[in-house]
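Engineer: just coords:
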Ligand code: FES
């Protein structure tokens, strides 16, 4: 699903249940629902009984998964957008204890943001079980105005905050959960190459 | 080795029955290299004709840069180091001490630190707790001992940290409540254990069975090289043969012969002394914690600080 040539970029090995965990929290975005549904056959009632699913259907492709996730039999909650999902995840984690494992599936931008919520609770990123699903769209932070633009599929693109034309660098910051965008026409304003759709 | 320090023994103190604390200060004065809780140093000692280099955890406050302290248990079957420290070391003696190395660092991102010590395994935690307390971090120490008389540092730790220190004396019938310890701990708790292998195994298994991820589990193995039958090793570069005595590790025998292989832990955990096996007829007796079962079976690598050999030819890439 993605090019693994970027060293700063995390790898997402795929969802698999940690069999000894006391509790499982799944935070899923859009196509990320498929990552859990694909392993549904291996989820025992005991595991589901100790599971909580937080879901946000982002983008047209994610719409159809509410029903399938709900029928799994785990506690289910659907968020209208990503921000409330992250807020709810924060609350769930603050009530959790060691023995709770976190699973994240969806776009890289979503995984990166949810990972930051987890890190604030002292969860080691390497202990979070992740799967990349859906668009390769990037979350990009403008190095000039620090504004973050979501869902960037082309480079260069126009920063949604300061309006500069930004080239998307292949440098991923785990701390920000975002790639870097650098102004491309600083020398010669207006000399911007046509955008290429690189991250669909 | 580079970074070796000449240090003078400035105090010897019996912390508990059979446990001696040694304070070492640099012969030349000046501030010592910094270290953090969990670090160890390798101390060289003359034991008859043999130079022993044993690793010991530093058990002093890392903020004190004027001296290092170690605590050594008198081992039932001493391989030299322990008997030397208990019977022959005197105030004023000078020892060669390697620079501190840390293979048991606390995870500073943790929300809480739980330490489980058995016996002399208390030493790294003495230094860690000084740092945790100063940084205002949440921590607990659970310390299993044979008896209170054998519990080194128990009094001073209880004085310093109060109810955060719990002691379980076997002769009073107290046991570590392992299952309860790993229950209901806040997310972001890290667990550290040091002591006898059986205790560490039980601690780690209990946490794993309660769903703790590996990233939150830390252990420090204190292992001395096992004795065994003598054997001979051949060095591929020079064709030289070196005899390894029954009570000497391969690494010690090589050092005595003037070969100085790399090492850090001398206890089979760090991987630094991994040495390529060029050829062997016989069995490599792997005794480390580093190689995977597959690597052991292949025997293309040997950890010379711990492992021995039985057979008629062993050639190492040295
Ligand atoms: S010196 Fe660490 S494994 Fe041998």
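Structural biologist: Okay, I see it. This structure is a prediction, so every number in the text was calculated from the model and none was measured.
Engineer: backbone phi and psi for the residue of the stretch 1-150 of chain B found nearest the ligand, please?
Structural biologist: Closest to the ligand within the stretch 1-150 of chain B is residue B:103: 8.0 Å, counting by C-beta to the nearest ligand atom. Every residue, glycine included, has its C-beta placed from N, CA and C. Main-chain torsions, residue B:103, degrees, to the nearest 10: phi -110, psi 10.
Engineer: any idea which helix or strand carries the nearest residue to residue A:14 once chain neighbours are set aside?
Structural biologist: In space, and not counting its chain neighbours, residue A:14 is closest to residue A:131: 4.7 Å by C-beta to C-beta, 6 or more residues apart in numbering or on different chains. Assigned by DSSP states H and E, residue A:131 falls within strand A:129-132.
Engineer: Repeat that for residue A:28.
Structural biologist: Going by DSSP H and E, residue A:28 is part of strand A:23-29.
Engineer: Provide the contact partners of the very next helix or strand once past that strand at residue level.
Structural biologist: Remark: after strand A:23-29, the chain's next helix or strand is helix A:32-38, criterion DSSP H and E. Helix A:32-38 is contacted by residues A:14-15, A:26, A:28, A:53, A:55, A:57, A:62, A:65, A:68-69, A:72, A:103-107, A:110, A:131, A:133-134 when judged by C-beta atoms under 8 Å, 6 or more residues apart in numbering or on different chains.
Engineer: sorry, back to before: how much space between the residue nearest to residue A:14 and residue A:29?
Structural biologist: Going from residue A:131 to residue A:29 by C-beta to C-beta, to the nearest Å gives 11 Å.
Engineer: More neighbours: the two, which one.
Structural biologist: residue A:29 (27 against 23; other C-beta atoms under 10 Å in any protein chain shown).
Engineer: Next up, the contacts around residue 144.
Structural biologist: Defaulting to chain A. Contacts of residue A:144 by C-beta under 8 Å, 6+ apart are A:159, A:162, A:164, A:183.
Engineer: ah, I was thinking of chain B
Structural biologist: With C-beta under 8 Å, 6+ apart, residue B:144 has these contacts: B:116, B:117, B:118, B:119, B:168, B:170, B:175, B:176, B:195, B:199.
Engineer: Let me know the closest of these to chain A.
Structural biologist: Closest approach between the contacts of residue B:144 and chain A, by C-beta to the nearest C-beta: residue B:116, at 14.2 Å.
Engineer: Check whether that closest one really touches residue B:142, as I assumed.
Structural biologist: Yes - counting by C-beta atoms under 8 Å, residue B:116 does reach residue B:142; the two are 4.8 Å apart.
Engineer: Pick out whichever of the two has more residues nearby.
Structural biologist: residue B:116 (30 against 20).
Engineer: Run through the bridge partners of that one.
Structural biologist: residue B:142, residue B:193 (DSSP bridges).
Engineer: With residue B:231 instead?
Structural biologist: residue B:244.
Engineer: thought it was touching residue B:313?
Structural biologist: No - the criterion here is C-beta under 8 Å, and residue B:231 misses it with residue B:313 at 9.7 Å.
Engineer: Please, which helix or strand holds residue A:172?
Structural biologist: Counting by DSSP H and E, residue A:172 is part of strand A:165-173.
Engineer: For that strand, give the mean pLDDT please.
Structural biologist: Mean pLDDT, strand A:165-173: 90.
Engineer: could you point out which element follows it?
Structural biologist: Immediately after strand A:165-173, counting by DSSP H and E, sits strand A:178-183.
Engineer: Go ahead and name everything in contact with that next one.
Structural biologist: A:109, A:112, A:138-144, A:148-149, A:152, A:157, A:159, A:164-173.
Engineer: Narrow the residues you listed to just the buried residues.
Structural biologist: A:109, A:112, A:138-142, A:148-149, A:152, A:157, A:159, A:164-168, A:172 (16 or more other C-beta atoms under 10 Å in any protein chain shown).
Engineer: Can you find the residue of chain A that comes nearest to the ligand?
Structural biologist: residue A:126 (23.3 Å).
Engineer: what about the closest residue to that residue other than its chain neighbours, which SS state?
Structural biologist: Spatially, and ignoring its direct neighbours in sequence, residue A:126 is nearest to residue B:215 (5.2 Å; C-beta to C-beta, 6+ apart). Assigned with DSSP: H, G, I helix; E, B strand; the rest coil, residue B:215 falls in the helix class.
Engineer: where does the chain dip in pLDDT?
Structural biologist: By default, I'm working from chain A. A:1-7, A:59-63 (pLDDT under 70).
Engineer: wait, chain B
Structural biologist: If you take pLDDT under 70 as the line, chain B has these spans: B:1, B:77-79.
Engineer: Specify the beta-bridge partners of residue A:173.
Structural biologist: residue A:178.
Engineer: hang on, it packs against residue A:9?
Structural biologist: No - here residue A:173 does not reach residue A:9: they are 10.0 Å apart, not a contact under C-beta under 8 Å.
Engineer: Please name the nearest non-neighbouring residue to the residue of chain A found nearest chain B.
Structural biologist: Distances between chain A and chain B by C-beta to the nearest C-beta are smallest at residue A:122, namely 1.8 Å. Spatial nearest neighbour of residue A:122, chain neighbours left out: residue B:188 (1.8 Å); criterion: C-beta to C-beta, 6+ apart.
Engineer: phi, psi of the one you found?
Structural biologist: phi 90, psi 10.
Engineer: before we move on, back to that, can you pick out the ones from the contacts of helix A:32-38 that are in strands?
Structural biologist: A:26, A:28, A:53, A:55, A:103, A:104, A:105, A:106, A:131 (DSSP state E).
Engineer: and chain A, what are its domains?
Structural biologist: Domain assignment of chain A by automatic domain parsing yields the ranges A:23-132, A:138-197.
Engineer: er, chain B actually
Structural biologist: B:5-102, B:112-220, B:231-316.
Engineer: Nearest to residue A:82 among those would be which one?
Structural biologist: Comparing these by their distance to residue A:82 (C-beta to C-beta), the top pick is domain B:112-220, with 21.6 Å.
Engineer: Check whether residue A:113 sits in a helix, strand or coil.
Structural biologist: Residue A:113 - assigned by three-state DSSP - is helix.
Engineer: excluding its backbone neighbours, what's nearest residue B:208?
Structural biologist: Residue B:208 sits nearest to residue A:20 (C-beta to C-beta, 6+ apart), 6.2 Å away.
Engineer: gap between that neighbour and residue B:247?
Structural biologist: Taken as C-beta to C-beta, the span from residue A:20 to residue B:247 is 42 Å.
Engineer: now swap in residue B:121 and tell me
Structural biologist: With the distance defined as C-beta to C-beta, residue B:121 ends up 24 Å from residue B:247.
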